[in-house]
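S.K.: predicted model, plus sequence, below.
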Amino acid sequence: MSELLARTLTWAEVDPLRHPFELDEYEAEELTGLVAPWVPSLDAVEALWFRAMDPVTKLLADRYGRWACGWNWSVGEGDVDGGVVDVWCCASHSVTTGDATAPLIVAALLEWRDWLEDLAERFSVLSPPSQSEVSSSPVDPWLWERACTRLVTVVADRSQAESGWYTHCKQVLGWFLAYNGIEEERAREIVESAIGGRFGSWTSPDVVVVDTVSSRFARTLDGNP
């Protein structure tokens, strides 16, 4: 069920401007009631392991859009490896009863949404001005380098640089390029060329590594890998 995997999400699917979302008190209460019956039993969690929460993820995606698939992309070795959600750990630790677990799921969804909105704000601040807004001169590579440095740093911080954190880091850099109008396949090439295996699990990148990645990011964007 790849359609439920958060690591396959594109910027078009998570962009808050394209997918408005508001969870007032009434909607939160209704959602809690809808989610509770879909919370698996502990026996089911043990049997299904990392797929145990798929029915909940499908419910959220059907109701709000595919962006909601990231609700349980938790820090470290959770249901999905290497995310930024701190409220939810994993099905084996976070699931108890339906009534107790459902509010936790709603809180995790809100935390994931807050992260997406935070990224959108960062993208807006970090994006170079479009050439039509300034002149026909190329974008200063330093602007791309600065953006890469800040995005890598914030993802490493939010994910605590735990297991598999670099997967989401690559995704966020790809989202930033998509935000700036760069085609998905080209964005993937740029990110892979910049990172090139320099990040690892359980290791926060030091300044030298981040500087190297950011420099390659900017150079590759400028056509000089």
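M.R.: In hand now; what should we look at?

S.K.: any low-confidence regions in this protein?
M.R.: Applying pLDDT under 70 to the chain picks out residues 1, 131-137, 224-225.

S.K.: quick one, domains of this structure?
M.R.: Domain assignment for the chain by automatic domain parsing gives 2-117, 127-221.

S.K.: want to throw those into CSV with mean neighbour count?
M.R.: For every residue, glycine as well, the C-beta is placed using N, CA and C. What follows is these, written out as CSV (neighbours: other Cβ atoms under 10 Å):
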stretch, mean neighbour count
domain 2-117, 18
domain 127-221, 17
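
S.K.: find the centremost residue of this protein, please.
M.R.: His168 (5.6 Å; Cα atoms, centre = their mean).

S.K.: just the residues contacting the helix or strand where that residue lies, thanks.
M.R.: Per DSSP states H and E: His168 is located in helix 165-179. Helix 165-179 has contacts (Cβ atoms under 8 Å, 6 or more residues apart in numbering) with 7, 9-12, 14-15, 73, 81-84, 119-120, 123, 126-127, 147-148, 151-152, 155-156, 159, 184, 186-188, 190-192, 194-195, 199-201, 217, 221.

S.K.: narrow those to those in helices?
M.R.: Secondary structure defined by DSSP state H assigns 11-12, 14, 119-120, 123, 126, 147-148, 151-152, 155-156, 184, 186-188, 190-192, 194-195, 217, 221 of the contacts of helix 165-179 to helices.

S.K.: distance of Ile105 from Ser214?
M.R.: Using Cβ to Cβ, to the nearest Å, Ile105 is found at 36 Å from Ser214.

S.K.: again, but for Ala178
M.R.: 18 Å.

S.K.: distance of the nearest residue to Asp140 once chain neighbours are set aside relative to Arg219?
M.R.: Taking Cβ to Cβ, 6 or more residues apart in numbering, and ignoring the residues beside it in sequence, Asp140 has Pro128 as its nearest neighbour in space, at 7.1 Å. Using Cβ to Cβ, Pro128 is found at 15 Å from Arg219.

S.K.: cool, Pro129 as well?
M.R.: Distance from Pro129 to Arg219, by Cβ to Cβ: 20 Å.

S.K.: check the gap between the closest residue to Val39 other than its chain neighbours and Glu29 for me.
M.R.: The spatially closest residue to Val39, leaving aside those adjacent along the chain, is Gly98, at 4.1 Å (Cβ to Cβ, 6+ apart). According to Cβ to Cβ, Gly98 stands 15 Å off from Glu29.

S.K.: contact partners for the residue nearest to Asp140?
M.R.: So Pro128 contacts 139-140, 143-144, 147, 180 (Cβ under 8 Å, 6+ apart).

S.K.: go with 10 Å
M.R.: 134, 138-144, 146-147, 180, 221 (Cβ atoms under 10 Å, 6 or more residues apart in numbering).

S.K.: with Pro141 instead?
M.R.: Pro141 touches 128, 214-215, 217-219, 221-222, 224, counting by Cβ under 10 Å, 6+ apart.
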